[in-house]
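**Student:** no letters, just coordinates:
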């Protein structure tokens, strides 16, 4: 392999084969991927969950992760939030000419490690190379297939009286990436929370219909996700700011950057709405896991202001709207 | 919607919802997509085929198609070549800030039309926006799920004596796109052959084990695909150049551009290798379809030069190697 990726590696010819054999198949090997057909033939299931995300995070290496780890977590988590046990991933690269081959290998090794942790296999893929100035290092798309394990997770199930739980601290990923961009200004030890949530979700599925909906608050953060739950309905989300776990350093950094942690992306946290009678059990299930050890009940569903998210804070109550504008471009 | 796509449309907030509702869901509507969860819940099957491709074709509108049509055909065809009946697509955009909203709508309508023709539903998706100068208009990823209908298509099945059939003329897509880039130099009526091959493939599956392998010769073209069939084996591909259908204008354009049609991408043709006793039947099946009306037997499998592709032409016999170098960057 050359030290940098040239356009040749995207030609579909010899160099493309070299990249696939030496970096991708070597590291992500499994029988479906190694067959190297146009597509992978896989064991199926009666009901499937299917999700995709493209990742354009900048910078592509950041504290606590990189675009490879993120591209596995993001899609695995979307499958898990939809009630699926993630099984297979597709992996597609759009690489800018001149990208360091060593960095590509680091990213692929990170994908390998994260996929193993999440229990998924990368079974099919694609690589394209674009000219210098037509990309930004590397963009990654993953699509994920899962087998359905909870067949009714939807904001439509939410009822008055339900409780809202978050599995841990809000805003870590968004803050870590923003600080990485400002690294000449600020020294920080804030890490992205980027992690697979498939195991945690599977612990929650047995709650059955008491588990109304699961969602990972990525772009747009906790506030935007909760707005989506109730917009256009008769229901209200009421949040208690003091109950929302936010790391002190995240809170301080957000203040400096002019951000609100409630709008900063998480990549390793889930929000769930559960029936009032299941709230304690859900919380205890979450706290017994590594990913959910800081879980907290942060609010409840009422009918006080239909379609709105209210945040009760130290200085009174405010309405949280959906994120407007590009507060945090290229955060994932 | 604004007239151009701004970074706001990728923020995950209000503008993202507007884009999804007004352009994507409105046009591609189906129950799974309209649920707008993190992932789609789908009817499954015992055996699945899964494939993905990212599309970076330049220009994104070209004679005979556009990046939207291509991004459906490319993935649908990969699923079909792997023995699957394509059912579901994911759709993910990476849009450069400043891209015209009207062009995005044209592309989405083209996706809609092509998906209908191919019998697939777009069930889940994602949209990212990158800053000006960090992309090139629009890049699209699709991943496709199909239900397995032929369970043993592989170059490993190829035997001495087998026949090689192509479903129509070679090199149309690659030539059309290259000419589109040189539009100030050349007037041309060559159209990309970009089309779904799922229906044609399904006609061939009943040939069972007599159908050894299917492949659509995209990047790298017919020559590179056939090289992949026999490399590292004891077998030889012997092609008869006079039997390979190539449009006269494609042949002339390739001469001007210094290209070989055998290395130019097709996006609506398939190569198949069939047992000698099934060759006539396969040819007649293909010729009875719209997509395969110009099908031709172009060569056979021997053992004369293990691992090699030989092309018998007017001026003698040459060895065709896999494409080296970036002959045709960003052709798909």
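**Tutor:** Thanks, I have it. As the structure is a prediction and not an experimental result, all values here were calculated from the model.
**Student:** tell me the contacts of residue A:250?
**Tutor:** A:169, A:170, A:171, A:172, A:175, A:190, A:261, A:264 (CB atoms under 8 Å, 6 or more residues apart in numbering or on different chains). Glycine gets a C-beta too; all of them are placed from N, C-alpha and C.
**Student:** contact partners for the closest residue to it other than its chain neighbours?
**Tutor:** Leaving aside its chain neighbours, residue A:250 sits nearest to residue A:175 (4.8 Å; criterion: CB to CB, 6 or more residues apart in numbering or on different chains). Shown in contact with residue A:175 (CB under 8 Å, 6+ apart): A:190, A:250, A:253, A:254, A:257, A:259, A:261, A:264.
**Student:** could I get those as a markdown table with secondary structure?
**Tutor:** A markdown table is the format used below for those (DSSP: H, G, I helix; E, B strand; the rest coil):
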| residue | secondary structure |
| --- | --- |
| A:190 | coil |
| A:250 | helix |
| A:253 | helix |
| A:254 | helix |
| A:257 | helix |
| A:259 | coil |
| A:261 | helix |
| A:264 | coil |
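**Student:** count the neighbours of residue A:138 for me.
**Tutor:** 23 (other CB atoms under 10 Å in any protein chain shown).
**Student:** contact partners for residue A:331?
**Tutor:** Contacts of residue A:331 (CB under 8 Å, 6+ apart): A:57, A:173, A:174, A:177, A:178, A:219, A:265.
**Student:** and the third one, what does it touch?
**Tutor:** This means residue A:174. A:221, A:259, A:263, A:264, A:265, A:266, A:328, A:331.
**Student:** surely it is within a helix?
**Tutor:** Yes - under three-state DSSP, residue A:174 falls within a helix.
**Student:** now it: closest residue in space that isn't a chain neighbour?
**Tutor:** residue A:264 (3.1 Å).
**Student:** quick check, pLDDT for that neighbour.
**Tutor:** Residue A:264 carries a pLDDT value of 94.
**Student:** and the gap between it and residue A:142?
**Tutor:** 22 Å (CB to CB, to the nearest Å).
**Student:** again, but for residue A:248
**Tutor:** 33 Å.
**Student:** and what of residue A:231?
**Tutor:** From residue A:231 over to residue A:142 (counting by CB to CB), the distance is 28 Å.
**Student:** those two: which is more packed in?
**Tutor:** In this view residue A:231 and residue A:142 are compared by other CB under 10 Å, and residue A:142 has more residues nearby, 33 against 16.
**Student:** need the contact list for the nearest residue to that one once chain neighbours are set aside.
**Tutor:** Of all residues not flanking residue A:142 in the chain, residue A:75 sits nearest, at 4.3 Å (CB to CB, 6+ apart). If you count contacts by CB under 8 Å, 6+ apart, residue A:75 has them with A:51, A:52, A:53, A:86, A:89, A:142, A:143, A:144.
**Student:** got it, and residue A:93?
**Tutor:** A:104, A:125, A:126, A:127, A:128, A:138, A:139, A:140, B:54.
**Student:** check residue A:220 too.
**Tutor:** A:263, A:265, A:322, A:323, B:11, B:12, B:13, B:16.
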